[in-house]
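[1] Here is my input, please return the structure:
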Amino acid sequence: MKLRPFALTALAASALLAAGASFAQTKWDLPAAYPASNFHTETLTQFAADVDKASGGKLKITVHANASLFKANEIKRAVQGGQAQIGEVLLVNFENENPIYGADGLPFVASSYASAHKLAEAQKPALEKLLGTQGMKLLYTVAWPPQGIYVNKEITAVADMKGLKWRAYSPATSKIAELVGAQPVTVQAAELSQAMATGVVNSYMSSGSTGYDTKTYESIKYWYDVQAWLPKNAVIVNKKAFDALDAPTQAAVLKAAADAEIRGWKVSEEKNEFYKKALAEKGMKIMTPSPKLVADLRQVGGIMKADWIKRAGPEGEALLSAFDKSNAAKK
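    Residues are numbered from 1 along each chain as shown. This next block holds a predicted model:
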């Protein structure tokens with residue numbers, strides 16, 4: 001019996017459908033707040049490539065850098081609500097929602113990479129639990145380099161910071177402004193260059209990385225290397241989206257995330273000195289803070305830590321206790 005042309009077409013279509021069913025490709029959008037050239041974004045791009053390769057192309061993750069898909073403070077909600085399947089957030093941005101998010105924004109609690117890594121481990125169980133209650137899963141975290149103060153004049157004490165137009169990007173940086181008598185102005189990373197150029201802000205606290213990315217040296221000439229804290233970016237995924245993946249693809253995501261975390265922390269530490277050198281070459285004066293400025297800032301940090309413990313309650317106390325034990329054990 002000879003098959004008619006339309007029958008052959010139907011058979012071919014069925015074969016194609018069957019092939020498609022065995023290779024159902026999933027596509028995820030990953031919004032990020034920082035430029036494509038930032039080391040965090042480069043880590044994300046490599047993570048996405050690793051997932052693509054390990055899953056045999058079954059999961060494609062598209063990174064949307066520089067707040068092009070969602071603004072920095074919108075990304076968490078987008079992932080939580082399923083508008084984006086996965087995203088990168090700065091944890092300290094969400095401290096008002098729950099103090100646990102702000103543990104790594106406490107001044108001088110963890111000022112080195114070694115101590116920041118221990119704080120990350122102490123924070124992880126509470127963070128995973130918190131994200132889980134909100135329908136999300138933690139994949140990995142990477143620290144920013146230590147935070148310093150960018151300012152348009154020389155300062156030797158906290159009193160010199162009074163009246164500064166201070167860029168605030170988190171509850172902690174807003175609180176610092178309040179305690180030192182500066183004027184907090186909410187500005188996210190993607191808008192920072194313009195805010196400095198137009199005089200909206202003339203000071204802020206951040207890493208060498210942010211100063212380099214935003215060309216802060218064009219508007220502000222001093223950076224005080226106070227090494228106040230190392231805030232972390234976290235890559236989070238919508239739990240329903242993750243659970244919808246087959247087991248091998250889930251394993252590929254988790255393996256790529258573990259690799260990204262190790263790589264990201266290593267690159268962050270390596271680039272810390274690079275950023276400071278690069279800023280100096282662009283005319284930024286890298287300043288060692290005076291003992292008085294350090295003492296004043298530590299006093300501010302003490303006030304903020306006491307306030308945080310009060311708000312975070314037993315869970316916060318347990319987190320810091322675990323961190324203190326880990327720190328003591330390694331000394």
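
[2] which other residues reach stretch 257-273?
    39-40, 42-44, 46-47, 50, 113, 117, 139-146, 207-209, 235 (Cβ atoms under 8 Å, 6 or more residues apart in numbering). C-beta here means a position set from N, CA and C on the backbone, and glycine is covered the same way.

[3] which ones among those are found in helices?
    39-40, 42-44, 46-47, 50, 113, 117, 208-209 (DSSP state H).

[4] Can you add pLDDT and neighbour count and give these back as JSON lines?
    Output for the ones in helices among the contacts of stretch 257-273, formatted as JSON lines (pLDDT from 0 to 100; neighbours: other Cβ atoms under 10 Å):
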{"residue": "Phe39", "pLDDT": "96", "neighbour count": "21"}
{"residue": "His40", "pLDDT": "97", "neighbour count": "23"}
{"residue": "Glu42", "pLDDT": "98", "neighbour count": "18"}
{"residue": "Thr43", "pLDDT": "98", "neighbour count": "26"}
{"residue": "Leu44", "pLDDT": "98", "neighbour count": "27"}
{"residue": "Gln46", "pLDDT": "98", "neighbour count": "17"}
{"residue": "Phe47", "pLDDT": "98", "neighbour count": "26"}
{"residue": "Asp50", "pLDDT": "98", "neighbour count": "19"}
{"residue": "Tyr113", "pLDDT": "96", "neighbour count": "17"}
{"residue": "His117", "pLDDT": "97", "neighbour count": "18"}
{"residue": "Gly208", "pLDDT": "95", "neighbour count": "28"}
{"residue": "Ser209", "pLDDT": "93", "neighbour count": "21"}
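
[5] Greatest separation within these: which pair is it?
    Across the ones in helices among the contacts of stretch 257-273, the longest distance by Cβ to Cβ is 27.0 Å; it joins Asp50 and Gly208.

[6] I'd like to know the beta-bridge partner residues of Glu88.
    Beta-bridge pairing for Glu88 (DSSP bridges): Val235.

[7] any idea which of the ones in helices among the contacts of stretch 257-273 is closest to Leu293?
    Closest to Leu293, out of all of the ones in helices among the contacts of stretch 257-273 and judged by Cβ to Cβ, is Gly208, at 18.2 Å.

[8] Can you give me the distance of that closest one to Gln227?
    Gly208 sits at a distance of 11 Å from Gln227 (criterion: Cβ to Cβ, to the nearest Å).

[9] Now the common contact residues for those two.
    With Cβ under 8 Å, 6+ apart, Gly208 and Gln227 have common neighbours Gly148.

[10] list the contacts for Ala177?
    So Ala177 contacts 164, 166, 168, 183-184 (Cβ under 8 Å, 6+ apart).

[11] same thing but at 6 Å, please
    Contact analysis of Ala177 by Cβ atoms under 6 Å, 6 or more residues apart in numbering lists 166, 168, 184.

[12] Could you do Ala228 as well?
    107, 147.
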